[in-house]
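*Asks:* Sharing a model prediction with you, sequence too.
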Amino acid sequence: MSNILVHNNWDPLEEIWLGDVWPTHFYDDLEPAIRDAFCQITEWTKEDLNNVQKKLEEFNVVVKRPYVDGDKSLYLDPDNHNKLLKPPITPRDNNAVIGDKLFFSDRGLKHCYEPLLKEYPTEQIIRDIWISGACAVKLGRDIIIDRFIRKVDDIENIYKDFHKQQRVYKPLIDNYRIHYATNGGHVDGCFMPLKPGLLLATNYWTDYEVMFPDWKKITLNSPTYQDYPGWNSDISFRRWMLPNAMNPGVFLYPYFNEYVETYCSEWIGNYKETYFEVNVLVIDEKNILCMGEHPTLFAELEKHGITCHVVPFRTRTFWDGGLHCITLDTRRKAELKDHFPERKEYGIKSALTTYFNNDTNAFLAGYANWKQNKGL
């Protein structure tokens, strides 16, 4: 029986979930060009995932993978023309570990992660509250939970979302300071705490001084693929690309692209927006896993005593996921510390929303009035 315990990104990693993809025979019923493209992506992905697992095991990390039944019918989406659901490639998107609790949601992926839950004490599994680990940042006693709100300039939508979040906060509020943010979600593509006092940072997050006063930032100025010359904004389905489509003007499988946009839009993101360099996996305060060579960044991290271990993930531009996304750390050699004791009491500590210019008191006062007017 394993125990769940994670308080931050940097305590020594002991156990982790690593995602996976569907077997190639799940695509046998598709037209040859589409089938072959999916099979190629599957081959590349599986090969790289296995190499990630091997590297993790070199650090004596226990790696657990999802179970995939050979019966394709278990993974079809009746709301999407009975096409395949997204495979269990990014476990952090739908699950989160905070302290000694796993907030679990299979999001329709029957049987994939359920077998793993038998290996943990039942009291450590919370099934009825959904938290995305990609949108939650653990900093000891402080937890940032970032939200995607479609109309972030509409205070009604923000208050509605904040009200719904009270249920999420309930099991946390007595032991943590909760920082509600409306930066857009998937904050692990915006910045990454590497150890106390040090962040990988980008301009996708602006509240560093509020949350991380006096922390050192190593700032990346642009995503890897921002200036990729093969991108053509006139063709709407070019939100992703294949590894052998890197050369300018070369874009393979236009028919396959159309299929993906029609039936697999939930599988992909927009690779040009993603800072894959910050989506790293921290093994401990001296070692991180990353996906590509970045000599300038590596040299800067070496100055802070951190070694980067490269484990390529060639299909990241299809899955729009980095090493942090395709994993979920479930146990670290953890010690709960208060990195910001000056913040004192636990509970709702801040509302990081541009609508109120990060004025938490004004936000909470407005929310209280809104709730009263709604009779809630």
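*Replies:* Arrived safely. Just so it is clear, the model here is predicted, and its values are computed rather than measured.

*Asks:* and residue 337, what does it touch?
*Replies:* The contact partners of residue 337, taken as CB atoms under 8 Å, 6 or more residues apart in numbering, are 7, 140, 141. For the C-beta atoms, the positions are set from N, CA and C on the backbone; glycine is no exception.

*Asks:* My guess is residue 149 contacts residue 155. True?
*Replies:* No. Look at residue 149 against residue 155 with CB atoms under 8 Å: they stay out of range, at 10.3 Å.

*Asks:* Disregarding residues adjacent in the polypeptide, which is nearest to residue 182?
*Replies:* Nearest residue to residue 182 in three dimensions, chain neighbours excluded: residue 353, at 4.4 Å (CB to CB, 6 or more residues apart in numbering).

*Asks:* what does residue 279 give?
*Replies:* residue 322 (2.8 Å).

*Asks:* tally of neighbours for residue 374?
*Replies:* 11 (other CB atoms under 10 Å).

*Asks:* roughly how far apart are it and residue 351?
*Replies:* Applying CB to CB, to the nearest Å, the value for residue 374 to residue 351 is 18 Å.

*Asks:* what do you get for residue 272?
*Replies:* Noted for residue 272: a distance of 30 Å to residue 351, by CB to CB.

*Asks:* re the thing from before, just the buried residues of the contacts of residue 337.
*Replies:* Neighbour-count burial (16 or more other CB atoms under 10 Å) applied to the contacts of residue 337 gives 7, 140, 141.

*Asks:* Please tell me how far the last one sits from residue 297.
*Replies:* As for residue 141, its distance to residue 297 is 30 Å (criterion: CB to CB).

*Asks:* Okay, helices next: where are they in the stretch 151-300 of the chain?
*Replies:* Taking DSSP state H, counting those that start in this stretch as the criterion, the stretch 151-300 of the chain contains helices spanning 155-169, 208-211, 254-263, 295-303.

*Asks:* tell me, which of those helices is the model least confident about?
*Replies:* When the helices of the stretch 151-300 of the chain are compared by mean pLDDT, helix 254-263 comes last with a mean of 84.

*Asks:* for it, packing partners?
*Replies:* In this structure, helix 254-263 packs against helix 32-58, with contacts taken as 3 or more CB pairs under 8 Å, 6 or more residues apart in numbering; DSSP states H and E.

*Asks:* let's see 10 Å
*Replies:* helix 32-58, strand 83-84 (3 or more CB pairs under 10 Å, 6 or more residues apart in numbering; DSSP states H and E).

*Asks:* what about these, which gets the closest to residue 276?
*Replies:* helix 32-58 (13.2 Å; CB to CB).

*Asks:* buried residues in the closest one?
*Replies:* In helix 32-58, counting by 16+ other CB under 10 Å, buried: 34-35, 37-42, 44-45, 48-49, 52-53, 55-56.

*Asks:* what about it, distance to the chain center?
*Replies:* Relative to its chain's centre, helix 32-58 lies at 19 Å (CA atoms, centre = their mean, to the nearest Å).

*Asks:* buried sites along stretch 328-340?
*Replies:* 328, 329, 330, 331, 332, 334, 340.

*Asks:* Point out the least confident one among the residues you listed.
*Replies:* Ranked by pLDDT, those bottom out at residue 334 (89).

*Asks:* I'd say that one and residue 5 touch.
*Replies:* Yes. Shown here, residue 334 and residue 5 form a contact pair, counting by CB atoms under 10 Å, at 4.7 Å.
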